[in-house]
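J.: Sequence isn't available, so here's the structure alone:
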């Protein structure tokens, strides 16, 4: 089965950036064009935390243990995956795409998968666990052609 047919969308995302692309040609000569770009400002965790972790008394005299601090950076990445899934749902509901390929690092892919609405999940034709958000589009086209071009089986969704 050919994965990158004409009109297939490709989502390339990580925890801070999402590129919504559309293949305007075919699997032999993919021509990915940007439909939408979403970004999120997500500074490192140490810049987001305001306080030291809390402490609690232990059983011994004068002994205290620290609570684990919240990882604000990681929480922001998870929220961003949920926001991207919501955007995909709106676009699918409008009939903007019938097929989509998801490309993201494994953790982001898993988080995104958890938030996908059934209407979007049913349109996923393949997944690729890689970080490609900062690659130029011509390199992305080459990589996807190698991965999902004619004669390739591609990676099927695990949904």
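T.: Yep, it's here. Just so we're clear, the structure is a prediction, and the values are computed from it rather than from any experiment.
J.: quick one: least confident helix or strand in this protein?
T.: Taking all helices and strands of the chain together, the one with the lowest average confidence (mean pLDDT, DSSP states H and E) is helix 45-48, at a mean of 50.
J.: who touches the residue nearest to residue 104 when sequence neighbours are not counted in this structure?
T.: Beyond its immediate neighbours in the sequence, the residue positioned closest to residue 104 (CB to CB, 6 or more residues apart in numbering) is residue 13, lying 4.6 Å away. Backbone N, C-alpha and C define where each C-beta goes, glycine included. With contact taken as CB atoms under 8 Å, 6 or more residues apart in numbering, residue 13 is in contact with 19, 81, 84, 102, 103, 104, 108, 112, 133.
J.: which parts of the strand or helix carrying residue 75 are buried?
T.: Here residue 75 is covered by helix 72-93, with elements defined by DSSP states H and E. By neighbour count, and taking 16 or more other CB atoms under 10 Å as the criterion, the buried residues in helix 72-93 are 72-73, 76-78, 80-81, 84-85, 87-89, 91-92.
J.: if we can go back for a sec, so of the contacts of residue 13, which ones are in strands?
T.: Using DSSP state E, the subset of these located in strands is 19, 102, 103.
J.: The second one contacts residue 127, doesn't it?
T.: Yes. When contacts are counted by CB atoms under 8 Å, residue 102 is listed as touching residue 127 (4.7 Å).
J.: So for the two, which residue has more residues nearby?
T.: Of the pair residue 102 and residue 127, residue 102 is the one with more neighbours under other CB atoms under 10 Å, namely 27 against 22.
J.: For the more buried one, name its beta-bridge partners.
T.: Going by DSSP bridges, residue 102 is paired in beta bridges with residue 11, residue 127.
J.: Which per-residue confidence value corresponds to it?
T.: Here the pLDDT value assigned to residue 102 is 97.
J.: Now do it against residue 41, distance only.
T.: Using CB to CB, to the nearest Å, residue 102 is found at 23 Å from residue 41.
J.: Next: residue 146.
T.: 33 Å.
J.: Residue 76 now?
T.: For residue 76, the distance to residue 41 equals 9 Å [CB to CB].
J.: Contacts only, for residue 26.
T.: For residue 26, the contacting residues are 2, 4, 5, 6, taking CB under 8 Å, 6+ apart as the criterion.
J.: residue boundaries of the helices in this structure?
T.: Taking DSSP state H as the criterion, the chain contains helices spanning 45-48, 72-93, 106-115, 118-121, 137-148.
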